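Colleague: just need the structure, nothing else, for what follows:
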Amino acid sequence: MWVRGHIAKTWSDNYKNCIYLQDPIKGAQKEEWRKQGYYNTRQYGEMHGYPNEMPKWVESIASQLKLFHCGYVLYRMKTLDIMPMHTDHYKKYCEVFNATPNEVYRAVVFLEDWKSGHYFEMDDQAIVNWRAGDFIMWQGDVPHAASNIGIEDRYTLQITGQK
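Modeller: Reported below is the predicted structural model:
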């Protein structure tokens, strides 16, 4: 189950100045993607999140989405970055907030208008042509994927929380 919505853009572009690092995919997920033909270990995007300081405006976005106990990650996908189809498991979040995976919501907020080559897929539905402030939010383990085959970086805010 997932929803698509829109919130007013209330943020600056200071997310572009954050320090983004790659968190390599490992374990069973990496092996599964290799079986599917995804061999490049670099190309899953870069993140800016805990323990780094986040821009203050991320909390106002979570509030607009009516989420609490939130974790935030800014996500940058450079040209040819691909995050193959997967589901999220929320293991660390559930440990920290004593929650079950079915109590967890994830939202991806598009920080900029769609650009050619930017792609998001949710539960077998292609999502393109978004506007800054559009979001996708789901509960539990809905399959999704993302990629950037365009020439400009693709920026999103990922929020994990509860309702």
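Colleague: rounded mean pLDDT for the one helix or strand Lys30 maps to, please.
Modeller: Element membership of Lys30 [criterion: DSSP states H and E] is helix 27-35. For helix 27-35, mean pLDDT is 83.
Colleague: buried set for that helix?
Modeller: Trp33 (16 or more other C-beta atoms under 10 Å). Where C-beta positions appear, they are placed from N, C-alpha and C, glycine not excepted.
Colleague: other residues contacting that helix?
Modeller: Counting by C-beta atoms under 8 Å, 6 or more residues apart in numbering, helix 27-35 makes contact with 24-25, 41, 84, 86, all of which sit outside it.
Colleague: what sits against Val3?
Modeller: So Val3 contacts 136-138 (C-beta under 8 Å, 6+ apart).
Colleague: pLDDT score for Met85?
Modeller: 91.
Colleague: can you tell me the closest non-neighbouring residue to it?
Modeller: Nearest non-adjacent residue to Met85, counting by C-beta to C-beta, 6 or more residues apart in numbering: Ala145, 4.3 Å away.
Colleague: the host helix or strand of Arg106 pairs with which strands, and in what direction?
Modeller: If you go by DSSP H and E, Arg106 is part of strand 105-110. Within its sheet, and counting by DSSP bridges, strand 105-110 is paired with strand 134-139 (antiparallel), strand 154-162 (antiparallel).
Colleague: near the residue lying closest to Pro55 once chain neighbours are set aside, how many other residues are there?
Modeller: Nearest residue to Pro55 in three dimensions, chain neighbours excluded: Asn14, at 5.6 Å (C-beta to C-beta, 6+ apart). The burial count assigned to Asn14 is 10, neighbours taken as other C-beta atoms under 10 Å.
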